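A.B. asks: no sequence on this one, just coordinates:
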């Protein structure tokens, strides 16, 4: 049986708001053309009218996260901005810096808490 290549499909379902955010981000190709949330929000103001001004950045992050989960590789760099990748290396860089390093840190924190719990409550039963 021939080996099938696994090709991801960039066709996850998006809401109208997510489509508009994605369209705007795709205009900024490559890390050198990243756009900050501060600069993108005025362009998409009509999408976030019902959201208080001080919460719009958070809502943009939620929408970008949903876009990524739908299979669209929007890149970002720790509070500096968002961009559409121009190559696989940009995706890998963003995935490592934005997600994998944070995930490892969270796992380390969880393990430390559990160890401390075992010492603190020794003999009182097992953790979950």
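C.D. replies: Received the coordinates, thanks. For clarity, every value in this text was computed on a predicted model and none was experimentally measured. Numbering: from 1, shown residues only.

A.B. asks: Can you report the mean pLDDT over the residues of the longest helix seen in the chain?
C.D. replies: As assigned by DSSP state H, the longest helix anywhere in the chain is helix 101-120. Regarding helix 101-120, the rounded mean pLDDT is 90.

A.B. asks: can you pull the buried residues of that helix?
C.D. replies: Using 16 or more other C-beta atoms under 10 Å as the test for burial, helix 101-120 gives no buried residues. Where you see a C-beta, it was placed from the backbone N, CA and C, and this is true even at glycine.

A.B. asks: can you check stretch 70-79 too?
C.D. replies: 72, 73, 74, 75, 76.

A.B. asks: Give me the contact list for that stretch.
C.D. replies: With contacts defined as C-beta atoms under 8 Å, 6 or more residues apart in numbering, stretch 70-79 is touched by 8-14, 18, 22, 25, 31, 34, 64, 67-68, 82-85, 90-91, 93-94, 97-98.

A.B. asks: What is the end-to-end distance of that stretch?
C.D. replies: With C-alpha to C-alpha, to the nearest Å as the measure, the first residue of stretch 70-79 is 22 Å from its last.

A.B. asks: pLDDT on it, on average?
C.D. replies: 92.

A.B. asks: Could you check how far it is from the centre of its chain?
C.D. replies: 5 Å (C-alpha atoms, centre = their mean, to the nearest Å).

A.B. asks: Stretch 19-38 now?
C.D. replies: That offset, for stretch 19-38, works out to 14 Å (C-alpha atoms, centre = their mean).

A.B. asks: low-scoring stretches of this protein, by residue?
C.D. replies: For the chain, residues meeting the criterion pLDDT under 70 lie at 1-11, 125-128.

A.B. asks: Now do the helices in the protein.
C.D. replies: Using DSSP H, the helices of the chain run over 16-25, 37-40, 56-69, 88-95, 101-120.

A.B. asks: returning to that earlier point: how far off helix 88-95 does the longest helix of the chain point, in degrees?
C.D. replies: Computed by axes from the mean of the first three to the mean of the last three C-alpha atoms, to 10 degrees, the angle separating helix 101-120 from helix 88-95 equals 30 degrees.
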